[in-house]
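*Asks:* Any chance you could fold what I've pasted below:
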Amino acid sequence: MLRRTIAALALALCQAALAQPAGGNPDPKHALEGEALVKALRAGGYTLYFRHAERDRTGVPGPRMLCLVGSGKAQARSIGESMKALGIPIGEALASPMCRTMETAEGIAGRAPTPEESIRDPKAGNLEGDFTKIGRLMAAPPAAGTNRIVVGHFNAWDVLFGAPVLQEAEGAVLKPEGGKLFVVARLRAEDWKALANPANRPPIEQRTSLPDPDLKLSGGALADALKAGGFTIFFRHSITDHSQKDRPPFVAKDCATQRNLSAEGREAARKIGEVFKTLKLPVTEVLSSPYCRTMQTARLITGEAREDDAVRGRAPVAGGRADYSRLEALLATPVKTGLRVIVSHGNGLMDTAGLPEPEEGEATVIRAVEGGGWIIVARLKIDDWAALVAAPNPAPNPNAKP
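*Replies:* Take a look at the predicted model:
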């Protein structure tokens with residue numbers, strides 16, 4: 001009896017500590033949605049509490065009843081794939097040790113979660129429904145630059161936050177702040193999918209391809225980062241002769257039917273290449289749109305180029321947007337060693353990231369996010385490269401070839 005009384009008192013104190021006026025609904029002062037929500041999650045710092053996905057309800061005794069059905073597994077995978085496509089970094093992943101919660105967490109995080117007894121369903125052992133430990137854990141800030149995934153049952157949510165109850169596969173984005181948890185958003189599996197659907201993005205005019213102010217690199221810090229590798233450098237081809245026009249049908253090697261680099265453009269690309277050599281940037285992969293102006297730019301900068309259809313320019317399809325899904329997938333693929341250089345066209349960056357359109361010869365430095373997606377850390381115009389050589393305290397490049 002005393003044990004139950006102490007547990008009840010501890011829970012009441014936990015509820016009071018975590019309480020927010022909105023209960024289980026998004027707090028008006030912290031609520032986010034759409035692109036604002038995605039941007040916040042990309043920066044990390046949130047706890048995402050999910051109720052397990054759809055479970056087996058056949059009534060058959062034993063562990064099968066506690067696991068996900070096929071549609072539940074698909075829900076969890078869909079959430080995980082959407083988060084990856086959005087570039088949302090997942091760090092710690094915790095789950096109640098029940099089969100249905102462990103399977104849900106693995107589907108979302110893409111790896112086996114850590115079992116956490118404090119989230120267990122009261123009917124399966126947590127008899128007092130004492131969720132004080134998990135409440136404190138969720139209120140602690142996650143590791144820097146990541147989001148914490150917690151998968152449990154409806155009762156933990158009900159006890160800690162109250163109505164409305166979480167449905168199966170529904171998740172809540174929680175902001176730990178001052179020892180409290182604020183509900184920022186609630187999303188079902190289909191809501192995550194809608195966020196990740198390129199067709200549902202805001203117009204280009206409402207998006208930006210400028211570096212994130214909190215993650216921007218410049219000067220010596222940028223030079224050192226590039227020397228260390230792990231980035232994609234996306235170039236728009238160098239300066240072209242606009243008196244020339246692209247004339248259909250397109251034939252990759254027939255430069256006479258294309259707009260080509262001007263003498264100024266060739267010289268600009270060569271100068272960027274000299275900076276690459278001076279800094280000994282560790283280029284390990286060079287991909288180019290098959291146009292003559294992109295292939296020539298790539299070769300003048302790096303000395304090599306490989307045609308890749310994924311990075312070529314695209315014409316708009318039905319609905320008014322070009323399909324750059326393959327390019328986006330490439331940008332979201334981590335560069336394990338060295339640097340990946342892509343030479344393409346301005347519309348590729350605009351359609352995937354937003355305005356402003358890069359100038360001819362301008363480079364965008366991109367870092368893939370662990371768990372999927374990518375962020376922009378720098379943009380460099382042609383004349384900006386020379387400043388990197390003169391940046392203060394340049395560090396030696398550990399990846400440079402002797």
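*Asks:* how near is residue 158 to residue 138?
*Replies:* Residue 158 is 15 Å from residue 138, where distance means C-beta to C-beta, to the nearest Å. Any C-beta I mention is one placed from the backbone N, CA and C, and that applies to glycine too.
*Asks:* who has more neighbours, those two?
*Replies:* residue 138 (23 against 16; other C-beta atoms under 10 Å).
*Asks:* Now do the SS call for that one.
*Replies:* Assigned state for residue 138: helix (three-state reduction, DSSP: H, G, I helix; E, B strand; the rest coil).
*Asks:* you'd agree it is up against residue 47?
*Replies:* Yes - here residue 138 lies in contact with residue 47, judged by C-beta atoms under 8 Å, at a distance of 4.6 Å.
*Asks:* which residues are in contact with both of these two?
*Replies:* Common contacts of residue 138 and residue 47, defined by C-beta atoms under 8 Å, 6 or more residues apart in numbering, comprise 148, 150, 174, 176, 181.
*Asks:* Now the helix or strand harbouring the fourth one: average pLDDT?
*Replies:* According to DSSP states H and E, residue 176 maps onto strand 171-177. Taken as a whole, strand 171-177 carries a mean pLDDT of 94.
*Asks:* Tally up the residues packed near residue 323, please.
*Replies:* Per other C-beta under 10 Å, the neighbour tally for residue 323 reads 14.
*Asks:* what about it, which SS state?
*Replies:* Classified using three-state DSSP, residue 323 is coil.
*Asks:* what does residue 39 give?
*Replies:* helix.
*Asks:* Might one say that residue 227 is in contact with residue 283?
*Replies:* No - Residue 227 sits out of contact with residue 283 when judged by C-beta under 8 Å, with a separation of 11.4 Å.
*Asks:* Could you list the low-pLDDT ranges of this protein?
*Replies:* 1-23, 59-65, 121-130, 198-207, 314-322, 370-373, 392-402 (pLDDT under 70).
*Asks:* strands paired with the strand holding residue 176, and their directions?
*Replies:* Sheet pairing of strand 171-177 (DSSP bridges) gives strand 47-51 (antiparallel), strand 180-187 (antiparallel).
*Asks:* what comes up buried for the first one?
*Replies:* Under the neighbour-count criterion of 16 or more other C-beta atoms under 10 Å, strand 47-51 has 47, 48, 49, 50, 51 buried.
*Asks:* Following element in sequence after that strand, please.
*Replies:* helix 70-86.
*Asks:* Any chance you could list what contacts that following helix?
*Replies:* 38, 41-42, 50, 52-55, 68, 90, 100, 103-110, 168-169, 171, 189, 192-193, 195-196, 328, 332, 371-373.
*Asks:* Surely residue 265 touches residue 240?
*Replies:* Yes - using C-beta under 8 Å as the test, residue 265 is close enough to residue 240 to be in contact (5.8 Å).
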